[in-house]
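> Sequence first, predicted model second:
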Amino acid sequence: MADSEDATGAPRAKRTAEEAEIVEANRAKARQSLRRMASHQASTTAPASIRDARAATKEAPIPQAQALPRDKALGDYIEFDLTRLRNSKGGFLVEDEAEDPVVALENLRKEQEREKQRLRDQMEPGISLDPTTRPVCEVCQSPDVMYEPFLRVFNVRVCRSCERTHPEQYSLLTKTEAKEDYLLTDAELADGELLPHLLKKNPHKSTYSNMMLFLRKQVEAYAFSDVKWGSAEALDREYARRQADKSQKRVRKFEQGLARLRRRTIRDNIWQERRDAEHIHDWESLPGSLQLCRSCGQRVEVEEL
């Protein structure tokens, strides 16, 4: 076989065995690198929102985001595409229902109707021109009645000026204040027909239960009625009686704890006296396999094995 020629036409010497091995090793490395790149591109699929810029489409191409490098310090982990996950309803069989555009429009219409209804409920009614049907303040007969929250929640007609002038009637009480000051129960406060209340978010923490606000006028009317305590004096007597019971319980609890402490102290002293009274022998060896206690003089015979 003739020798190959270089670019100038001069004959080129044959490759040595070492050069041939180096060339083959470089070719093997190149093929392995190409296979690795091809397998990586096949395993990673681009999102549907990213299009190939080389494709001939009329839409403007969207540049592909640069993928973050894999951190080796995290070890082996599995990457999930959260956009492709589907709720399987806890493993139960779910029928695949194609989204019907008619159903989607109907659901959107119902949601808009519900939103309008919520807005209508929050709107204050207008002032009626008919003096016979127009609500007026029960104190000053003013037509400027506060709808929120007095008329809507408590069904009480009062204007803003009278509400500020008479806080002893129209101030709002919390559930804790109603329980402690007027001695009402949780069942009575939870009854909306008996005592209407306004629900508001808890100002201390959003995760706590809603705050219940009561109208002082309605709370006092129920607490002083014959159904509950009868009068303000009867409420004061009941409050004094409960406070006396609490003080007696505290005194009784203190006396019981003191008695337990005394019994424990006496018992510990008795056991300590018994432990102190225990005699510990101090043996001394004597000839003839005998032992003698130096303190009490007791003798015992010891057998040696």
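Sure thing, it's come through.

> Do a quick rundown of the helices in the stretch 151-300 of the chain.
Using DSSP state H, counting those that start in this stretch, the helices of the stretch 151-300 of the chain run over residues 160-165, 167-170, 175-182, 186-190, 216-223, 232-277.

> same check, this time on the stretch 1-150 of the chain
Under DSSP H, counting those that start in this stretch, the stretch 1-150 of the chain gives helices at 17-43, 101-122.

> so where's the stretch 1-150 of the chain uncertain?
1-15, 41-67, 77, 87, 89, 91-99, 121-131 (pLDDT under 70).

> sorry, back to before: can I get the helices of the stretch 1-150 of the chain in CSV including distance to Glu177 and mean neighbour count?
(C-beta placed from N, C-alpha, C; glycine too.) What follows is the helices of the stretch 1-150 of the chain, written out as CSV (distance: least, CB to CB, whole Å; neighbours: other CB atoms under 10 Å):
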stretch, distance to Glu177, mean neighbour count
helix 17-43, 66, 10
helix 101-122, 27, 10
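
> Met146: which of those is closest?
When the helices of the stretch 1-150 of the chain are compared by CB to CB, helix 101-122 sits nearest Met146, at 14.7 Å.

> ranking the helices of the stretch 151-300 of the chain by burial, who's on top?
Compared across those, helix 216-223 shows the largest average neighbour count, a mean of 18 (mean count of other CB atoms under 10 Å).

> Also compute the angle for it relative to helix 175-182, please.
Interaxial angle, helix 216-223 versus helix 175-182 (axes from the mean of the first three to the mean of the last three CA atoms, to 10 degrees): 50 degrees.

> and the residue most central in space within the chain, backbone torsions?
Among the residues of the chain, the one closest to the centroid is Thr207, at 6.9 Å (CA atoms, centre = their mean). Backbone dihedrals for Thr207, given as degrees, to the nearest 10, come out at phi -80, psi -10.

> In the stretch 151-300 of the chain, where is pLDDT below threshold?
Checking the stretch 151-300 of the chain against pLDDT under 70 turns up nothing.

> switch the cut-off to 80
For the stretch 151-300 of the chain, the stretches with pLDDT under 80 are 205-208, 266-278, 288.

> follow-up on the earlier one: state the distance from the residue nearest to the centre of the chain to Thr176.
Distance of Thr207 to Thr176, given as CB to CB, to the nearest Å: 18 Å.
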